[in-house]
Structure formats: C-alpha cells, structure tokens
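Novice: here is a sequence with its predicted model. Questions after.
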Amino acid sequence: MEKIPTWQPVVAAALQASDGLWLMHKRPASKHHGGLWEFPGGKVETGENPPFALARELQEELGITVQPTDLIAETFAQEPAGSTVQPIVILLYTLRIWTGTPTALEGGEVGWFTPAQALVLDKPPLDIVLAAKLFEKE
C-alpha cells in the first residue's frame, strides 16, 4: 500500500450578507497566490477544531467575531494526490451571522459579489472548485 502524505487542513468561509451578496477576499500581492480572490480563512492548527479555527482566522483576517455554531459545513476541495509534499484540503463553511464589519486587516481587500460575479473572479485553483460547488446551488 502506498504511503499517504500528511495533509494540511484549511478552513474557509463563504460569508453571505442580508442582500444576498457574497464576500471574497483578495490576497495581498506578497503572498502565495497574491492578487487572486479567495474565500477567507486559513490553516487549522494542531489540536484545533475546524469551526473554532475558522472563527479565529476570521477575527485575525477580517476583524469580525463569529460563533463557531453559526458556521455551516458546506463542501470541500483538495489538491490532487501526489501534487505536493503536504497537500491541503479546504473545508468550506457558509456564514450568515457575524459581529463587526469585515475589513481586510492583513492587506489585500474585500469585496461583495453576486454568485455570477464571484465565479468569474481570478481565484486559486481550489477556490475555483469551492465557488463552483457553492454557487451551483444558487
């Protein structure tokens, strides 16, 4: 049997405002995939529960407060087997309740988009997959 590489769990949120628009975060130019739009989030640290990790990441990246119980597991995307030494798997949650105004605290920018607009934004490969899965239901 082939050895399975250690994988890195990553969490992301699709925030939907009351007007039906969805938040996308543009990565800072200095980061990997810089200048591309993504669902905000980040790595799950060792020992962290994914919804709690996402609440932490959203506080750090967007300055919003999120209750982990308000995050709804939606879908996931993963890098192809053998593509990297430590492939990532992104767990996407939807979120419609938060406290504060989402602001890009780590550089980049945030924007609110219709599903059709979000689908055509330049995104990293896994965010392309996540957006297609999320917005096919719209």
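Specialist: Sure thing, it's come through. Numbering: from 1, shown residues only.
Novice: residue 123 contacts residue 36, doesn't it?
Specialist: Yes: counting by C-beta atoms under 8 Å, residue 123 touches residue 36, with 5.5 Å between them. In this view, the C-beta of every residue, glycine as well, is placed from N, C-alpha and C.
Novice: so where's this structure uncertain?
Specialist: Flagging of the chain using pLDDT under 70 yields the residue ranges 1-5, 82, 84, 137-138.
Novice: what's in contact with the longest helix along the chain?
Specialist: Looking across the chain with DSSP state H, the single longest helix is helix 50-62. When contacts are defined by C-beta atoms under 8 Å, 6 or more residues apart in numbering, helix 50-62 is touched by residues 9, 11-13, 25, 40-45, 48, 64-69, 71, 91, 93, 95, 98, 100, 102-106, 110.
Novice: in PyMOL, how would I select the buried members of these?
Specialist: Here is the PyMOL command that selects the buried residues among these (16 or more other C-beta atoms under 10 Å):
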select buried, resi 11+12+13+25+40+41+42+44+64+66+71+91+93+95+98+102+104+110
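Novice: pull out the buried positions in the helix or strand harbouring residue 75.
Specialist: Per DSSP states H and E, residue 75 falls inside strand 72-78. Residues 74, 75, 76, 77 are the ones in strand 72-78 that count as buried (16+ other C-beta under 10 Å).
Novice: filter the contacts of helix 50-62 down to the ones in strands?
Specialist: If you go by DSSP state E, those have 9, 11, 12, 13, 25, 41, 42, 43, 91, 93, 95, 110 in strands.
Novice: pull the most distant pair out of those.
Specialist: 9 and 110 (23.5 Å; C-beta to C-beta).
Novice: hmm, back to that, redo the buried residues of strand 72-78 as JSON lines? Include distance to residue 29.
Specialist: Listed next are the buried residues of strand 72-78 as JSON lines, based on distance: C-beta to C-beta, whole Å:
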{"residue": "74", "distance to residue 29": "28"}
{"residue": "75", "distance to residue 29": "28"}
{"residue": "76", "distance to residue 29": "27"}
{"residue": "77", "distance to residue 29": "23"}
